[in-house]
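Student: just coords:
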């Protein structure tokens, strides 16, 4: 009898769908039979490179066929996997922090290479995973302020949720390879016999092209990308009638963007999601398509609010950070740092505590002001942040990107006048900065000023 491993249930489902499509990449289709055979191929490749069970291994790639197959083979081998995006800029730093002893790279042609550095990673969290003979998963925070935090998971616990069979739609794997949102999407699709549609080009026009060509039903994306989609008007050039669900997360959604999406796609369900690299992705249910109130939880999750901040206890929680203090309370609750409002069973995410602007003791959340300014004519993008002030501690600053040039004094006057109609005086931006540079990075999330 074959030994049970953490992805045996996945391979059984692949077998049940062996003649069906599993992955579409670079306008080519790959079956579940191909995927199973490729996992076997990479198991042998791993052995040939002397990668033993419990080895910490970095895997640099995207959601290409070979990246997916190699990822699954490493998990089956009970390796501790550190996924990295192909465009990673601080690879050496991340490899050093994680202690990875080998780096597998899947290039843009979907070809594999490996470099070994001789590291033998030791840490108490790695010892726990090795003693359990489980696979591990290492994920990094974005590291926008200081060294990125390195979260270590017993991957078997994250995989358990995928044993429950659910509906799998034809899905664009939009979110990236090195964070849990993208991996969660991939595993959900494959565990239910669905189709992963993958692309390197995440421009609005190409995403719309893929939706039309491959009849994509589910688009998981960031609010920043969805705003770019609206600004581009690429949706007018393609038939997006196959779309059933647009899910959004990773950063606050502006109500104006949500309303516009509903106007353009009245038959598409708009679903807010919530997840963290430290805990996984919670099940969620939006109050309505046009509401930012959402129910969160599901099996294995408990939630509470302490001093206005969300705390979560999760069966799938990470073991801890390799390079940072524990974010857990003594009784095991993870302090998310997300400020929330509560209305019965529903939560509204206000933003990160670290993004809070303190104006003379008053709390200001950037997303509230961004919502007001984004609704104004000639505003393509807006980012709100705090700047030190000797009088109030901080002032509110709005950085805007315009559709068309405008007199700076007229713009500042117009923005402040509009804000006075709906915002408390301490929330009105003191300074308006015009910047024609885009306000997002490779992850298609706002690059916030800290």
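Tutor: Yep, that arrived. The structure displayed is predicted, hence computed values, not measured ones.
Student: I'd say residue 177 and residue 63 touch.
Tutor: Yes. Judged on Cβ atoms under 8 Å, residue 177 makes contact with residue 63 at a distance of 5.9 Å. Every residue, glycine included, has its C-beta placed from N, CA and C.
Student: Quick one: mean pLDDT for the longest helix seen in the chain?
Tutor: Scanning the chain for the helix with the most residues, using DSSP state H, yields helix 32-48. For helix 32-48, mean pLDDT is 97.
Student: Tell me which residues are up against it.
Tutor: Contacts with helix 32-48, where a contact means Cβ atoms under 8 Å, 6 or more residues apart in numbering, come from 11, 14-15, 17-23, 65-66, 68-70, 72-74, 76-77, 79, 112, 190, 193.
Student: Buried residues in it, which are they?
Tutor: Buried residues in helix 32-48, counted by 16 or more other Cβ atoms under 10 Å: 32, 34, 35, 36, 38, 39, 42, 43, 45, 46.
Student: What is the nearest of these to residue 254?
Tutor: Nearest to residue 254 among those: residue 35, at 38.4 Å, using Cβ to Cβ.
Student: and the closest residue to the closest one other than its chain neighbours, how far is that from residue 197?
Tutor: Excluding the flanking residues, the one nearest residue 35 by Cβ to Cβ, 6 or more residues apart in numbering is residue 22, at 4.8 Å. Distance, residue 22 to residue 197, by Cβ to Cβ, to the nearest Å: 11 Å.
Student: Check residue 8 too.
Tutor: In this view, residue 8 and residue 197 are 26 Å apart by Cβ to Cβ.
Student: With neighbour numbers in mind, choose between these two.
Tutor: A direct count of neighbours by other Cβ atoms under 10 Å for residue 8 and residue 197 places residue 197 higher, at 26 against 12.
Student: what does the average pLDDT come to for the helix or strand hosting that one?
Tutor: Residue 197 belongs to strand 196-198 when elements are defined using DSSP states H and E. In this model, strand 196-198 carries a mean pLDDT of 96.
Student: What lies in contact with the very next helix or strand once past that strand?
Tutor: Following strand 196-198 in sequence order, the next helix or strand is helix 204-214 (DSSP H and E). The list of residues contacting helix 204-214 from outside it, by Cβ under 8 Å, 6+ apart, reads 24, 170, 172, 174, 195, 197, 199, 216, 219, 221, 225, 228-229, 232, 234-235, 237-240, 242-243.
Student: again, but for stretch 152-165
Tutor: Outside stretch 152-165, the residues within contact range by Cβ under 8 Å, 6+ apart are 6-7, 9-10, 75, 80-81, 123, 125-126, 128-129, 132, 134-139, 180, 187-188, 191-192, 280, 299-300, 315-316, 318-322.
Student: still on that earlier bit, so what does the strand holding residue 197 touch, helix or strand wise?
Tutor: Applying 3 or more Cβ pairs under 8 Å, 6 or more residues apart in numbering; DSSP states H and E, one finds that strand 196-198 contacts strand 21-25, strand 171-172, helix 180-191.
Student: now, of these, which is deepest in the fold?
Tutor: strand 171-172 (a mean of 25; mean count of other Cβ atoms under 10 Å).
Student: Tell me where the stretch 1-150 of the chain is predicted with low confidence.
Tutor: The stretch 1-150 of the chain contains residues with pLDDT under 70 at 1-4, 143-146.
Student: how about the strands in the stretch 101-250 of the chain?
Tutor: In the stretch 101-250 of the chain, the strands defined using DSSP state E, counting those that start in this stretch lie at 102-106, 112-116, 136-140, 150-154, 171-172, 196-198, 218-221, 245-248.
Student: buried sites along stretch 404-422?
Tutor: Neighbour count says stretch 404-422 has 406, 411, 412, 414, 415, 418, 419 buried, by 16+ other Cβ under 10 Å.
Student: cool, and stretch 332-352?
Tutor: 333-336, 338-340, 346-352.
Student: Can you give the contact residues for the strand or helix carrying residue 67?
Tutor: Using DSSP H and E, residue 67 sits in helix 65-76. If you take Cβ under 8 Å, 6+ apart as the criterion, helix 65-76 is touched by 5-7, 10-11, 23, 25, 30, 34-35, 38-43, 45-46, 51, 57, 59, 61, 81, 83, 104, 106, 110-112, 135, 155, 159, 177, 186, 190, 196.
Student: and the helix or strand following it, which strands flank it?
Tutor: Scanning forward in sequence from helix 65-76 by DSSP H and E, the next helix or strand is strand 80-85. Looking at strand 80-85 with DSSP bridges, its partner strands are strand 56-61 (parallel), strand 136-140 (parallel).
Student: Going by neighbour count, list what's buried in strand 80-85.
Tutor: Buried-residue list, strand 80-85, by 16+ other Cβ under 10 Å: 80, 81, 82, 83, 84, 85.
Student: give me the element residue 263 is part of.
Tutor: Assigned by DSSP H and E, residue 263 falls in helix 255-264.
Student: quick one, the helix holding residue 67 and strand 136-140 angle?
Tutor: Note on geometry: by axes from the mean of the first three to the mean of the last three Cα atoms, to 10 degrees, helix 65-76 and strand 136-140 are set 120 degrees apart in direction.
Student: Provide the angle between the direction of helix 65-76 and the direction of strand 112-116.
Tutor: Computed by the same axes, to 10 degrees, the angle separating helix 65-76 from strand 112-116 equals 50 degrees.
Student: Chain neighbours aside, what residue packs nearest to the residue nearest the centre of the chain?
Tutor: Centroid-nearest residue in the chain, with Cα atoms, centre = their mean: residue 181, separated by 4.0 Å. Using Cβ to Cβ, 6+ apart and skipping residues adjacent in sequence, the residue nearest residue 181 is residue 175, 4.1 Å away.
Student: Hmm, residue 218 is touching residue 173, no?
Tutor: No. Using Cβ under 8 Å as the test, residue 218 is too far from residue 173 to be in contact (10.0 Å).
Student: Spit out the contact partners of the nearest residue to residue 25 once chain neighbours are set aside.
Tutor: Among residues not flanking residue 25 along the chain, residue 198 sits closest, at 4.6 Å (Cβ to Cβ, 6+ apart). Residues in contact with residue 198 (Cβ under 8 Å, 6+ apart) are 23, 24, 25, 62, 63, 64, 172, 173.
Student: hey, where'd the helices end up in this protein?
Tutor: Under DSSP H, the chain gives helices at 8-16, 32-48, 65-76, 91-98, 124-132, 155-159, 180-191, 204-214, 223-232, 255-264, 366-374, 408-422.
Student: Contacts for the fifth one next, please.
Tutor: With contact meaning Cβ under 8 Å, 6+ apart, helix 124-132 is reached by 53-54, 56, 80, 99, 135-136, 152, 154-156, 319-320, 322.
Student: Can you report phi and psi for residue 378?
Tutor: phi 70, psi 10 (degrees, to the nearest 10).
Student: All set now, cheers.
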